[in-house]
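[1] 3D, please:
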Amino acid sequence: MSDPGCPVFLTGMMGSGKTTVAPLLAAAWGAAWVDLDARVARIFGAPVADLLARGEAQFRRHERESLRLLLAEPGFVRRTVVVATGGGVVLDPHNRAAMAAAGRVALLRVPLAELALRLATPAAARARPLLAGTELPARLLELWEQRRSAYEEADVVVDAGGSPQDAVHKLRAALEMRP
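    Modelled structure (predicted):
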């Protein structure tokens, strides 16, 4: 088996493990990995939580521009790079099309009840303004319903409800097969 030879975009709900799984998957392939939210924060000069506090629509524009800049980097689309996206990147059809054209898109799917357990900490709430002041399970269901069809456009859907290492194993099995 070998790496896919193109960028791999990890998508999924907040708490699905994208940022945890990305470096592990990249290490398995001897590849680089990128945290798209970290790029947004670096390019636009503020933490994601602060950018979201200024308005989700503006944040989504920043996210789209950060993805565009990443994809425009010389040689990016011709090599294996694992990209941990933000949970809402799929809301923009341009983002979905750009990721699909550049590489492979993988959805890390985790049952909503497990997501609620993973996100039920004060630190998680502070880092995720879209969950602030809401009933967590109901908000996660609302977000899932808004994003479901976009998430399901992924090339690969992997159950990431177990350990990060298990998710990496499943991703490798799915992605190392030529499309």
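[2] from here on, contacts and neighbour counts on C-alpha atoms
    Noted.
[3] continuing past the longest strand along the chain, what's the next helix or strand?
    The longest strand of the chain (DSSP state E) is strand 104-109. On the C-terminal side of strand 104-109, the closest following helix or strand by DSSP states H and E is helix 112-119.
[4] one step back: list the neighbouring strands of the longest strand of the chain plus their orientation.
    When pairing is defined by DSSP bridges, strand 104-109 lines up against strand 8-11 (parallel), strand 156-159 (parallel).
[5] mean confidence for the last one?
    Right, the one you point to is strand 156-159. Strand 156-159 comes out with an average pLDDT of 96.
[6] Stretch 108-121 now?
    What stretch 108-121 shows for mean pLDDT is 90.
[7] Show residues contacting that stretch.
    The contact list for stretch 108-121, computed with CA atoms under 8 Å, 6 or more residues apart in numbering, reads 10-18, 125, 136-137, 140-141, 157-161, 167.
[8] Please narrow those to those residing in strands.
    10-11, 157-159.
[9] Narrow those to just the buried residues.
    10-11, 157-158 (16 or more other CA atoms under 10 Å).
[10] Out of these, the closest to Arg104 would be?
    Relative to Arg104, the closest of those is Leu10; by CA to CA it sits at 8.8 Å.
[11] Return the distance of the closest one relative to Asp50.
    Leu10 sits 23 Å away from Asp50, taking CA to CA, to the nearest Å as the criterion.
[12] just Ala116 next, same as before
    From Ala116 across to Asp50, the span is 23 Å (CA to CA).
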